[in-house]
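Sequence first, predicted coordinates after that:
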Amino acid sequence: MTGRAQLRAALAVEGLKFRRARPAQVTTAFLVAGVTALCVLTVHPPAGGSSLTAAKAQSIGGEGGWAGLFTAADTIIAVAGLLGFGVIIGWVFGREFTDGTVNGICAAPVSRAAVASAKLVILTAWAVATAVGLAAALVGAGLILDESGEPDLRTRVGKFLLVAVLTAALALPCACVATLARGYLPAVAAIIAVVVLAQMAVLTGIGGWFPFSLPGLWAADTGAVPAGRLLLVLPIPVIGAALTVRLWQRLVSR
């Protein structure tokens, strides 16, 4: 079986497994419906809420409207997206060890590198599709709420998609952690630690050079992070994906 045929076979199997996976379904629903709801509540906080909550919502959503809706979305996805994408990426790779199915993968005629590559391709496609779905949900919510006209709506949607995709890319190293630790719980712990470190980097003033903080800071549009600095994000997913495939290529069942 050629390498391309092995990849096609792995994509078919891994794609079916992913579509039927309940954690992936729940996380997708959370990222699309949950984040949209949070953004709407940020721009339109419920009446009778505390003044502290209203002030926090005001600081994120600004003056409201389309600008406030997508500003809130950029801020929320930079944190919730990193956590959500990271958990699923770690689970997809780590479950093979915790469920014991890695032994069957090692004995299969399809190479382990092809399986890992297929997982990464599927996860990347899922992340992009989730980002597009969330952007569509935000636009739909804005239309339902009859937000004021926004001449730069396409620009705001494009900016949000870039932030969401970069955030998902930063979560790819969770696949490497799950493989090295042979389980998904260490990957979940790792992404939680990364989220905490990213917030600490912002608070200490070094977030503009910390790759995991860059998408959120750039989205804030304060001028602290020039667009060109987003290139610092790219080595993280590239190295993470390459190392994951390498680890799976040398994987031995236990």
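Nice, I can see it. Numbering: from 1, shown residues only.

Tell me where this structure has helices.
Residue ranges of the helices in the chain, as given by DSSP state H, are 3-20, 22-29, 35-43, 51-61, 65-76, 82-98, 102-107, 112-144, 153-170, 173-181, 185-204, 214-219, 235-249.

Next, the angle helix 112-144 makes with the second one.
Read it as helix 22-29. Orientation of helix 22-29 against helix 112-144 (axes from the mean of the first three to the mean of the last three C-alpha atoms, to 10 degrees) gives an angle of 30 degrees.

ok, the nearest residue to Tyr184 once chain neighbours are set aside - contacts?
With C-beta to C-beta, 6 or more residues apart in numbering as the measure, Gly94 is the residue that lies nearest to Tyr184, at 2.8 Å, once sequence neighbours are left out. For the C-beta atoms, the positions are set from N, CA and C on the backbone; glycine is no exception. When contacts are counted by C-beta atoms under 8 Å, 6 or more residues apart in numbering, Gly94 touches 178-179, 181-187.

mind running it again at 10 Å?
If you count contacts by C-beta atoms under 10 Å, 6 or more residues apart in numbering, Gly94 has them with 102, 174-175, 177-179, 181-188.

can you put the helices of the chain in CSV and add distance to Val225 and mean pLDDT?
Listed next are these as CSV, based on distance: least, C-beta to C-beta, whole Å; pLDDT from 0 to 100:
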stretch, distance to Val225, mean pLDDT
helix 3-20, 33, 91
helix 22-29, 28, 94
helix 35-43, 22, 89
helix 51-61, 18, 50
helix 65-76, 12, 87
helix 82-98, 16, 95
helix 102-107, 40, 84
helix 112-144, 20, 94
helix 153-170, 11, 93
helix 173-181, 21, 95
helix 185-204, 11, 93
helix 214-219, 4, 89
helix 235-249, 16, 95
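
To Gly228, which of those helices lies closest?
Between Gly228 and the helices of the chain, the shortest gap by C-beta to C-beta is with helix 214-219, which sits at 10.1 Å.

Show me what that closest one is packed against.
helix 65-76, helix 153-170, helix 185-204 (3 or more C-beta pairs under 10 Å, 6 or more residues apart in numbering; DSSP states H and E).

Tell me which of those sits most buried.
Of all these, helix 65-76 carries the top mean neighbour count, a mean of 23, counting by mean count of other C-beta atoms under 10 Å.

From the chain's centroid, how far away is that one?
17 Å (C-alpha atoms, centre = their mean, to the nearest Å).

Restricting the selection to alpha carbons, write that helix to PDB.
Taking only C-alpha atoms (Å, rounded to 0.1, in the frame of the first residue of the first chain), the coordinates of helix 65-76 have been written out as PDB:
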ATOM      1  CA  GLY A  65     -23.000  46.900  18.200                       C
ATOM      2  CA  TRP A  66     -21.000  44.800  15.700                       C
ATOM      3  CA  ALA A  67     -17.700  46.100  17.000                       C
ATOM      4  CA  GLY A  68     -18.500  45.100  20.500                       C
ATOM      5  CA  LEU A  69     -19.800  41.700  19.500                       C
ATOM      6  CA  PHE A  70     -16.700  40.800  17.600                       C
ATOM      7  CA  THR A  71     -14.300  42.400  20.100                       C
ATOM      8  CA  ALA A  72     -15.900  40.200  22.700                       C
ATOM      9  CA  ALA A  73     -15.600  37.200  20.400                       C
ATOM     10  CA  ASP A  74     -11.900  37.800  19.700                       C
ATOM     11  CA  THR A  75     -11.200  38.100  23.500                       C
ATOM     12  CA  ILE A  76     -13.200  35.000  24.500                       C
END
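
Nothing else from me, thank you.
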